[in-house]
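[1] Need the 3D shape of this:
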Amino acid sequence: MEADGVDVNTTFYKFDVESDESFAQPSVSYDTDRTFQANLKDIGLSVQNKNKMFTFIHFAGVHDSGEIGYYGRAKEALDILDDYFSQMKKLNIYDKSTIIIVADHGNPSYDIEYELTIFLEKEITSALLIKTKDARGEMKRDSVSELSHENFPASILEFAGLPHEKYGLSYFDIINGGLSPTRTIKINRWYTAGRIELASIYEVNGDANEFDNWEYLPIIPQSNNP
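    Next comes the predicted model:
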(Lines give C-alpha, C1' and ligand atoms only; values in the text may rest on other atoms or scores of the structure.)
Protein backbone atom coordinates (compact mmCIF):
# COMPACT_ATOMS: atom_id res chain seq x y z
CA MET A 1 0.00 0.00 0.00
CA GLU A 2 1.32 3.41 -0.89
CA ALA A 3 -0.01 6.89 -0.19
CA ASP A 4 1.51 9.75 -2.17
CA GLY A 5 4.72 7.80 -2.64
CA VAL A 6 4.97 6.75 1.02
CA ASP A 7 5.39 3.02 1.51
CA VAL A 8 2.90 2.40 4.32
CA ASN A 9 2.92 -1.38 4.46
CA THR A 10 4.28 -3.98 2.07
CA THR A 11 3.62 -7.12 4.11
CA PHE A 12 -0.04 -7.86 3.44
CA TYR A 13 -0.60 -11.50 2.55
CA LYS A 14 -2.67 -12.54 -0.43
CA PHE A 15 -4.86 -15.61 -0.21
CA ASP A 16 -4.81 -18.00 -3.14
CA VAL A 17 -7.88 -20.21 -2.86
CA GLU A 18 -6.89 -22.28 -5.88
CA SER A 19 -3.61 -23.71 -4.62
CA ASP A 20 -2.31 -25.08 -1.33
CA GLU A 21 1.32 -24.68 -2.34
CA SER A 22 1.34 -21.05 -3.49
CA PHE A 23 0.69 -19.51 -0.09
CA ALA A 24 3.06 -19.49 2.86
CA GLN A 25 1.38 -18.37 6.06
CA PRO A 26 3.36 -17.54 9.21
CA SER A 27 2.38 -19.73 12.13
CA VAL A 28 0.35 -18.07 14.88
CA SER A 29 -0.58 -20.12 17.93
CA TYR A 30 -0.85 -19.99 21.70
CA ASP A 31 2.80 -21.02 21.82
CA THR A 32 3.84 -17.99 19.76
CA ASP A 33 1.73 -15.77 22.04
CA ARG A 34 3.59 -17.09 25.06
CA THR A 35 6.95 -16.73 23.30
CA PHE A 36 6.10 -13.12 22.53
CA GLN A 37 5.23 -12.53 26.18
CA ALA A 38 8.45 -14.18 27.36
CA ASN A 39 10.49 -11.99 25.01
CA LEU A 40 8.73 -8.92 26.35
CA LYS A 41 9.88 -9.85 29.85
CA ASP A 42 13.39 -11.05 28.96
CA ILE A 43 14.32 -8.60 26.19
CA GLY A 44 11.74 -5.86 26.37
CA LEU A 45 10.80 -3.09 23.97
CA SER A 46 13.30 -0.51 22.77
CA VAL A 47 13.19 2.58 20.61
CA GLN A 48 15.37 1.95 17.57
CA ASN A 49 14.84 5.28 15.87
CA LYS A 50 12.79 8.44 16.17
CA ASN A 51 10.95 7.98 12.89
CA LYS A 52 7.26 7.17 12.80
CA MET A 53 6.51 3.46 12.61
CA PHE A 54 3.57 1.19 11.81
CA THR A 55 3.60 -2.03 13.83
CA PHE A 56 1.14 -4.89 13.25
CA ILE A 57 1.03 -7.75 15.78
CA HIS A 58 -1.20 -10.80 15.31
CA PHE A 59 -1.92 -12.88 18.40
CA ALA A 60 -3.75 -16.20 18.50
CA GLY A 61 -5.97 -14.77 21.22
CA VAL A 62 -9.05 -16.77 22.23
CA HIS A 63 -9.87 -19.45 19.66
CA ASP A 64 -10.67 -22.36 21.96
CA SER A 65 -10.83 -23.07 25.66
CA GLY A 66 -7.77 -25.33 25.75
CA GLU A 67 -6.52 -26.47 29.13
CA ILE A 68 -7.15 -23.14 30.89
CA GLY A 69 -10.60 -22.23 29.57
CA TYR A 70 -11.81 -19.21 27.61
CA TYR A 71 -11.31 -16.81 30.50
CA GLY A 72 -7.79 -18.13 30.98
CA ARG A 73 -7.05 -17.57 27.28
CA ALA A 74 -8.49 -14.07 27.46
CA LYS A 75 -6.43 -13.23 30.56
CA GLU A 76 -3.23 -14.40 28.84
CA ALA A 77 -3.96 -12.10 25.89
CA LEU A 78 -4.79 -9.15 28.13
CA ASP A 79 -1.65 -9.74 30.22
CA ILE A 80 0.47 -9.46 27.07
CA LEU A 81 -1.20 -6.17 26.14
CA ASP A 82 -0.81 -4.84 29.68
CA ASP A 83 2.91 -5.62 29.65
CA TYR A 84 3.34 -4.15 26.16
CA PHE A 85 1.57 -0.89 27.06
CA SER A 86 3.50 -0.57 30.35
CA GLN A 87 6.77 -0.78 28.46
CA MET A 88 5.57 1.76 25.92
CA LYS A 89 4.83 4.16 28.78
CA LYS A 90 8.30 3.65 30.26
CA LEU A 91 9.78 4.49 26.85
CA ASN A 92 7.59 7.63 26.66
CA ILE A 93 5.93 6.53 23.43
CA TYR A 94 2.49 5.43 24.66
CA ASP A 95 0.89 8.88 24.61
CA LYS A 96 2.46 9.61 21.22
CA SER A 97 1.00 6.46 19.67
CA THR A 98 -2.32 5.48 18.15
CA ILE A 99 -3.30 1.94 19.18
CA ILE A 100 -5.99 -0.17 17.52
CA ILE A 101 -7.09 -3.49 19.01
CA VAL A 102 -9.40 -5.53 16.81
CA ALA A 103 -10.43 -9.15 16.46
CA ASP A 104 -9.71 -10.54 13.01
CA HIS A 105 -13.10 -12.30 13.02
CA GLY A 106 -16.09 -12.99 15.20
CA ASN A 107 -17.19 -16.31 16.63
CA PRO A 108 -18.72 -18.59 13.94
CA SER A 109 -21.34 -21.13 14.84
CA TYR A 110 -20.42 -24.81 15.15
CA ASP A 111 -22.44 -25.67 12.04
CA ILE A 112 -20.61 -23.12 9.89
CA GLU A 113 -17.17 -24.04 11.20
CA TYR A 114 -17.69 -27.76 10.65
CA GLU A 115 -19.38 -27.53 7.24
CA LEU A 116 -22.89 -28.56 8.28
CA THR A 117 -24.44 -25.45 6.71
CA ILE A 118 -23.54 -22.27 4.86
CA PHE A 119 -26.22 -20.19 6.58
CA LEU A 120 -25.89 -18.12 9.71
CA GLU A 121 -28.51 -18.27 12.43
CA LYS A 122 -27.37 -15.10 14.17
CA GLU A 123 -25.08 -12.12 13.62
CA ILE A 124 -21.30 -12.31 13.98
CA THR A 125 -19.64 -9.20 15.36
CA SER A 126 -16.25 -8.37 16.87
CA ALA A 127 -14.84 -5.74 19.22
CA LEU A 128 -12.84 -2.68 18.18
CA LEU A 129 -10.84 -0.50 20.58
CA ILE A 130 -9.03 2.67 19.52
CA LYS A 131 -6.67 4.82 21.57
CA THR A 132 -5.72 7.90 19.60
CA LYS A 133 -2.56 9.93 20.03
CA ASP A 134 -2.60 12.02 23.23
CA ALA A 135 -6.01 10.61 24.25
CA ARG A 136 -7.21 11.67 27.70
CA GLY A 137 -10.24 11.04 29.91
CA GLU A 138 -12.68 8.17 30.22
CA MET A 139 -13.08 5.62 27.46
CA LYS A 140 -16.05 6.36 25.22
CA ARG A 141 -18.34 3.50 24.25
CA ASP A 142 -19.97 3.28 20.84
CA SER A 143 -22.35 0.48 19.92
CA VAL A 144 -24.16 2.21 17.06
CA SER A 145 -21.49 3.24 14.52
CA GLU A 146 -21.55 0.92 11.52
CA LEU A 147 -17.91 -0.07 11.11
CA SER A 148 -16.12 -3.01 9.49
CA HIS A 149 -12.62 -4.29 8.78
CA GLU A 150 -12.89 -2.64 5.38
CA ASN A 151 -12.30 0.66 7.20
CA PHE A 152 -8.98 -0.46 8.70
CA PRO A 153 -6.54 0.54 5.87
CA ALA A 154 -8.05 4.01 5.44
CA SER A 155 -8.03 4.53 9.21
CA ILE A 156 -4.33 3.65 9.51
CA LEU A 157 -3.50 6.26 6.88
CA GLU A 158 -5.73 8.89 8.49
CA PHE A 159 -4.15 8.36 11.91
CA ALA A 160 -0.71 8.69 10.28
CA GLY A 161 -1.73 12.04 8.78
CA LEU A 162 -1.73 10.70 5.23
CA PRO A 163 -4.43 10.99 2.53
CA HIS A 164 -6.76 8.01 2.82
CA GLU A 165 -9.73 8.75 0.60
CA LYS A 166 -8.84 6.36 -2.22
CA TYR A 167 -8.84 3.49 0.28
CA GLY A 168 -12.42 4.13 1.30
CA LEU A 169 -14.00 5.34 4.53
CA SER A 170 -12.08 5.46 7.80
CA TYR A 171 -13.52 4.70 11.22
CA PHE A 172 -13.76 8.41 12.01
CA ASP A 173 -15.31 9.23 8.62
CA ILE A 174 -18.23 7.01 9.64
CA ILE A 175 -18.35 7.92 13.35
CA ASN A 176 -18.08 11.69 12.92
CA GLY A 177 -20.22 11.77 9.78
CA GLY A 178 -22.96 9.50 11.12
CA LEU A 179 -22.65 7.45 7.93
CA SER A 180 -24.39 4.14 7.29
CA PRO A 181 -22.35 2.25 4.67
CA THR A 182 -23.27 -1.16 3.35
CA ARG A 183 -20.91 -3.84 4.68
CA THR A 184 -20.10 -7.15 3.02
CA ILE A 185 -19.32 -10.10 5.28
CA LYS A 186 -17.60 -13.14 3.77
CA ILE A 187 -17.75 -16.41 5.69
CA ASN A 188 -14.73 -18.59 4.87
CA ARG A 189 -13.84 -22.14 5.82
CA TRP A 190 -10.17 -22.88 6.53
CA TYR A 191 -8.66 -26.24 5.62
CA THR A 192 -4.87 -25.86 5.60
CA ALA A 193 -2.53 -22.88 5.34
CA GLY A 194 -3.40 -21.23 2.08
CA ARG A 195 -6.52 -23.32 1.43
CA ILE A 196 -9.72 -21.49 2.20
CA GLU A 197 -13.19 -21.82 0.75
CA LEU A 198 -15.81 -19.10 0.51
CA ALA A 199 -18.85 -20.56 2.28
CA SER A 200 -21.29 -17.67 2.10
CA ILE A 201 -21.66 -13.92 1.70
CA TYR A 202 -23.90 -11.57 3.64
CA GLU A 203 -24.65 -7.91 3.08
CA VAL A 204 -25.33 -5.80 6.17
CA ASN A 205 -27.34 -2.60 6.10
CA GLY A 206 -27.96 -0.89 9.42
CA ASP A 207 -27.10 -2.13 12.91
CA ALA A 208 -25.01 -5.32 12.61
CA ASN A 209 -26.27 -6.42 16.02
CA GLU A 210 -29.71 -6.96 14.50
CA PHE A 211 -29.73 -10.11 12.36
CA ASP A 212 -32.74 -8.83 10.41
CA ASN A 213 -30.29 -6.38 8.80
CA TRP A 214 -28.21 -9.26 7.38
CA GLU A 215 -29.08 -10.39 3.84
CA TYR A 216 -27.74 -13.65 2.40
CA LEU A 217 -26.25 -13.25 -1.10
CA PRO A 218 -25.99 -16.35 -3.31
CA ILE A 219 -22.46 -17.08 -4.50
CA ILE A 220 -22.34 -16.93 -8.30
CA PRO A 221 -19.82 -19.46 -9.68
CA GLN A 222 -17.12 -17.93 -11.85
CA SER A 223 -17.26 -19.02 -15.47
CA ASN A 224 -14.09 -20.27 -17.14
CA ASN A 225 -15.38 -19.15 -20.51
CA PRO A 226 -13.90 -15.95 -21.99
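[2] wait, isn't T184 in contact with A208?
    No. If you go by CB atoms under 8 Å, T184 and A208 don't touch, sitting 11.7 Å apart. The way it works is simple: take the backbone N, C-alpha and C, and place the C-beta from them, glycine included.
[3] Of those two, which one has the most company?
    Counting neighbours by other CB atoms under 10 Å for T184 and for A208 shows that A208 has the greater number, 20 against 11.
[4] if I look at the more buried one, how far off is G66?
    Distance, A208 to G66, by CB to CB, to the nearest Å: 29 Å.
[5] Repeat that for T98.
    In terms of CB to CB, T98 sits 32 Å off from G66.
[6] Neighbour count for those two, which is higher?
    Between T98 and G66, counting by other CB under 10 Å, T98 is the more crowded of the two (16 against 12).
[7] Report the contact partners of the more buried one.
    Counting by CB atoms under 8 Å, 6 or more residues apart in numbering, T98 touches I130, K131, T132, K133, F159.
[8] The nearest residue to the last one once chain neighbours are set aside and K75: what is the separation?
    Looking back up the chat, that one is F159. Once flanking residues are discounted, F159 sits nearest to T98: 4.4 Å by CB to CB, 6 or more residues apart in numbering. Distance of T98 to K75, given as CB to CB: 25 Å.
[9] any idea which element Y70 lies in?
    Using DSSP states H and E, Y70 falls within helix 69-90.
[10] by contact count, what packs against that helix?
    Here helix 69-90 touches helix 30-42, going by 3 or more CB pairs under 8 Å, 6 or more residues apart in numbering; DSSP states H and E.
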